[in-house]
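**Student:** structure, please.
(chains A and B)
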Protein chains: 2
Amino acid sequence: MTATPTEPFASSIQGTMMDVQLTIPAILERARTYFPEREVVSLVAAGKDERGNPIPKVHRTTYGEVTDRARRLAGGLTALGLGRGDRVATLGVNSFRHLEAYLGVPSGGFVLHTVNIRLHPQQIAWILNDAGSRVLMIENLFAAMIPALLEHCPQLEIVLVMGPLPQPAGGHPKVQDYDSWVMNQEPIASYPDLDEREAAGMCYTSGTTGQPKGVVYTHRSTVLHSFGIASKDGLNMSERDRIMPVVPMFHVNAWGIPYAAAMFGASQVYSGAFNDGPNLARLMEDEKVTATAGVPTIWLGLLAELDRAKEAGEPYDLSPQERVIVGGAAAPESMIRAFQERHNLNIIHAWGMTETHPLGTASNMPPGLDPRSNEAYALRATQGRAVPLVDLMLLSEEGEQIPHDGKTMGRLLIRGPWITESYHGGVGQGSFVEFGGKRWFDTGDISTIDPKGYMTIQDRAKDLVKSGGEWISSVELENALMGHPAVALAAVIARFDPKWDERPLSLVQLKPGMQATHAELNEFIQERFPKWWLPDDTVFIEQLPLGATGKVLKRELRDEYGGFGN
Amino acid sequence: MTATPTEPFASSIQGTMMDVQLTIPAILERARTYFPEREVVSLVAAGKDERGNPIPKVHRTTYGEVTDRARRLAGGLTALGLGRGDRVATLGVNSFRHLEAYLGVPSGGFVLHTVNIRLHPQQIAWILNDAGSRVLMIENLFAAMIPALLEHCPQLEIVLVMGPLPQPAGGHPKVQDYDSWVMNQEPIASYPDLDEREAAGMCYTSGTTGQPKGVVYTHRSTVLHSFGIASKDGLNMSERDRIMPVVPMFHVNAWGIPYAAAMFGASQVYSGAFNDGPNLARLMEDEKVTATAGVPTIWLGLLAELDRAKEAGEPYDLSPQERVIVGGAAAPESMIRAFQERHNLNIIHAWGMTETHPLGTASNMPPGLDPRSNEAYALRATQGRAVPLVDLMLLSEEGEQIPHDGKTMGRLLIRGPWITESYHGGVGQGSFVEFGGKRWFDTGDISTIDPKGYMTIQDRAKDLVKSGGEWISSVELENALMGHPAVALAAVIARFDPKWDERPLSLVQLKPGMQATHAELNEFIQERFPKWWLPDDTVFIEQLPLGATGKVLKRELRDEYGGFGN
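**Tutor:** Numbers count the residues shown, from 1 in each chain, chains lettered A, B, ... in the order given. Purely as a prediction, here's the structure:
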């Protein structure tokens, strides 16, 4: 060995790392090889009761069986002649069959196109056509719409019905029973040599404003997002966990949980079409669920059932439950407190959108803070801090960066390797902003970010109430109203006002048998707001209209009540 | 909305995800923005005692200060005229200053070249020259070698001394005090626009066979590896954790812990030059360490101290300690049992190499297994299963794939996005194998893999004892010998045998004051092995020779004892 170099120095050096691609087949193979015995539990429908409602039945399978069928699905789609990047649509509830599509479709080189089952059949047909899906996997619960979809979507070559084949649909030559079909296929011989930037999944926005727009996830974004949500500050997943995504697999990939759980070997528990409080509570108890995720309306249903059972002296044992993730809409602080204090359940706020895969932020507590302190509850009611690799920014109406002072509201911009930079087909360009030489997605949300990075959605830009040129957050008012014991659900919208342009109007759904007046409600919330923020009036409504993803349809409310009082 | 598509179907679709690069500045900025108050604790040397040994002193800082100084370091290196991809070498112990280099050097677009402090100065000079490092950051403890390094490495433009500047070295115009220098620099104005495949770090193999070979980590591999080790089945890191990497920052990036901890906001605790049992135990107790990682020899030292303290009736309180990762060499099952049963500490085996960043496998338990059962101990003594995105394979001497039956030994091949596919400068091509159209790294280890994926290193290929054409694992014999109460350290090597070619020879270092004979030791282990595996003889040695990374130097032993008895 000599101390003088044998060659002249290179002025720069190359990395020596393998260029191994981040792809979904790696997740499938991992679950198949290392976790074949881990369970996948689904509530499936087994007939109907006297009132015509489906009866739940527990179905048990394993990653071993699911991945075998997923590989057969990939093989079967290949045998059908599907090409790289072709779309395979699903219209399904959360179940092991849907998981087979999650793992099998992208592993064959195709694109999993999940379609929202709560949309109107005409809208579903439009989306299937816009995406150009050649195959449809549909839950037998929704088989009634098959004839209409076949009529309006001529490019559909085969419809695979998940669950026992219903008679009327069974007659069509394009319609097959998925379970029989898939077991007749050969497992895919070898996975295609995928580039991590190839399309793997596709999801349309809910389209509450204008046409739904398609977002196309890639293999890379799916693998990276899996790491993001499986981390300790996310869903904290390992082989010893049992995760129940109540968030639907038909929208934003059930927040990516099916992929992350398979990657880390966590068992999955699916509630199928049974998302009411009693079914969820029973499933969580029976299956020893350790983490779950859903929208606030789902957890309100669960809370009611937990309260009922506790009062009846027969409380559920949910002690294995380590965290309950809430997202999709803001959870009121009162709900977070209720779960913590009455049931010792740890609610963690998360935020995201179809365009963000969806995990953007999560509201974990810093160390040393008592989770039951007022300071902690205030932080837990925020949407939290960005997860690794995701950046947030606030812009003013003039397009300038707004300080993260926890007070100043601005349009929320987001950037990261699992955030969309366009929509399928190039539509919706107005949602993207160049700033600092980089492209950001404009969420359409109005937010504040505090100096420690905790972000709070103040409102959707279109839902803000602009009173005399000042902004009033409808979300903050709603969250405060939801804390009132008589209120089941509350929405605040802008009504036209000749003097102030807009003024807030409360629309409230009371709990059964409960009473409240406008004055009582305003008195209940008045301490927390400037006087001019308080709603001018309250309309009590029996049932607030909910959209396909369980959010209140403010557009409908504005259409009906925007001129209220004038 | 119409149900017919407005455009012809695209036959394939493009992903719409942002092409955001996976880079180290994202880790730096995350620690700076979200975790500025989290602590970085270091044991530093404060003078020397009467016997000339350094005296430990606790130094406390935060991610806020560390990232400020890291950004100044990046700015200062830029101001020095360093170009993209230029190497900055470190010769340092684990400390906050070394962490500043970890975060700052790659964030400026330069390559962090960590050099093993335990090498001979001539070998260090060779490595500095081979890498072409232009800057050296060196711990003041090692300042004595500065003149020699400056003489043999003319390309070194500046030497920054970490810790108080010692007099003799201080005189040279190229030598500066790091602390003063860095605070005089301006923080880097903006990070370079890095490609994730650019070089970020560089580490040389220990070079026990031939010249050391350089492995060049990229920004991408570093970020992905951080996700891999931070997961629940890795080090389980969050902002609420306090991680102590005892594995050195001068070798394989302290197993990537400094980056992963910064990314997830875990506090870091560094033991500096004080890695003896009493100092480690005290630091773990005082700093409420939740997870730690090190080589077996380190943990043997810790075990002795924990035993001593317990017997003395003054046990340490290590209750926050959730996991102790052991790697770098196989940990004997007896050690895993001792920690679990005497001190309730959960040892987790992990395996990797310089070439694998290093995390390749970890031996987590599947659910439902009592960690104190014999079955669990047997699994925990394996090297475990591959972590996400990493693939393992076994090859026979004929180059054919070997089944994962838990019995058949083969050469261990590995592949993944943080595994090297070459060495710097193209040397060592023999370590890479094409199989199934893909390039794999040949670890040089002989392993078995069981049907559930648990891998066991049976031996280094060069350390196998080939007796009459059959393979004997020196590692298995050593682990069994280490279970004997009188044995402090054991090595088994092949000695030349005229009849069998090779036969195993035990080399044993006894615990102080303890006695044992060859016959006793063979009797102790004989139940576990075929008779022909048992060593022919045992040589008792006062001190087995250890290499720079704490491993027994078998090459030296072979040189001296390979002909023993002939």
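
**Student:** every contact and neighbour count from this point should use C-alpha atoms.
**Tutor:** OK.

**Student:** does chain B sit close to stretch A:32-49?
**Tutor:** Yes - on the criterion CA under 8 Å from any CA of the partner chain, stretch A:32-49 is in touch with chain B at A:33, A:34, A:35.

**Student:** gap between that stretch and the chain center?
**Tutor:** Centre-to-centre, stretch A:32-49 and its host chain are 21 Å apart (CA atoms, centre = their mean, to the nearest Å).

**Student:** excluding its own residues, what touches that stretch? List them.
**Tutor:** Residues outside stretch A:32-49 that contact it (CA atoms under 8 Å, 6 or more residues apart in numbering or on different chains): A:54-65, A:67-68, A:94-96, A:239, A:265-274, B:385, B:452-453.

**Student:** picking up where we left off before, among the residues of stretch A:32-49 next to chain B, name the ones in helices.
**Tutor:** Those of the residues of stretch A:32-49 next to chain B mapping onto helices are A:33, A:34, per DSSP state H.

**Student:** need the residues of stretch A:32-49 next to chain B in JSON lines (columns: neighbour count).
**Tutor:** Shown next, in JSON lines, are the residues of stretch A:32-49 next to chain B (neighbours: other CA atoms under 10 Å in any protein chain shown):
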{"residue": "A:33", "neighbour count": "16"}
{"residue": "A:34", "neighbour count": "22"}
{"residue": "A:35", "neighbour count": "23"}
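
**Student:** just give the closest residue to the residue in the stretch 401-550 of chain A that chain B sits nearest to, not the sequence neighbours.
**Tutor:** Per CA to the nearest CA, residue A:420 is where the stretch 401-550 of chain A lies closest to chain B, at 4.2 Å. Once flanking residues are discounted, residue A:420 sits nearest to residue B:17: 4.2 Å by CA to CA, 6 or more residues apart in numbering or on different chains.

**Student:** quick one, phi/psi of that neighbour?
**Tutor:** The phi/psi pair for residue B:17 (degrees, to the nearest 10) reads phi -80, psi 150.

**Student:** what's the first helix or strand after the helix or strand encompassing residue A:260?
**Tutor:** According to DSSP states H and E, residue A:260 maps onto helix A:257-264. Using DSSP H and E, the helix or strand that follows helix A:257-264 in sequence is strand A:267-270.

**Student:** packing partners for that next one?
**Tutor:** Applying 3 or more CA pairs under 8 Å, 6 or more residues apart in numbering or on different chains; DSSP states H and E, one finds that strand A:267-270 contacts strand A:39-48, strand A:242-245, helix A:257-264.

**Student:** what do you get if the cut-off is 6 Å, keeping everything else the same?
**Tutor:** For strand A:267-270, the elements it packs on are strand A:39-48, strand A:242-245, judged by 3 or more CA pairs under 6 Å, 6 or more residues apart in numbering or on different chains; DSSP states H and E.

**Student:** with mean neighbour count and mean pLDDT as extra columns, can I get those in JSON lines?
**Tutor:** Output for the helices and strands packed on strand A:267-270, formatted as JSON lines (neighbours: other CA atoms under 10 Å in any protein chain shown; pLDDT from 0 to 100):
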{"stretch": "strand A:39-48", "mean neighbour count": "20", "mean pLDDT": "93"}
{"stretch": "strand A:242-245", "mean neighbour count": "28", "mean pLDDT": "98"}
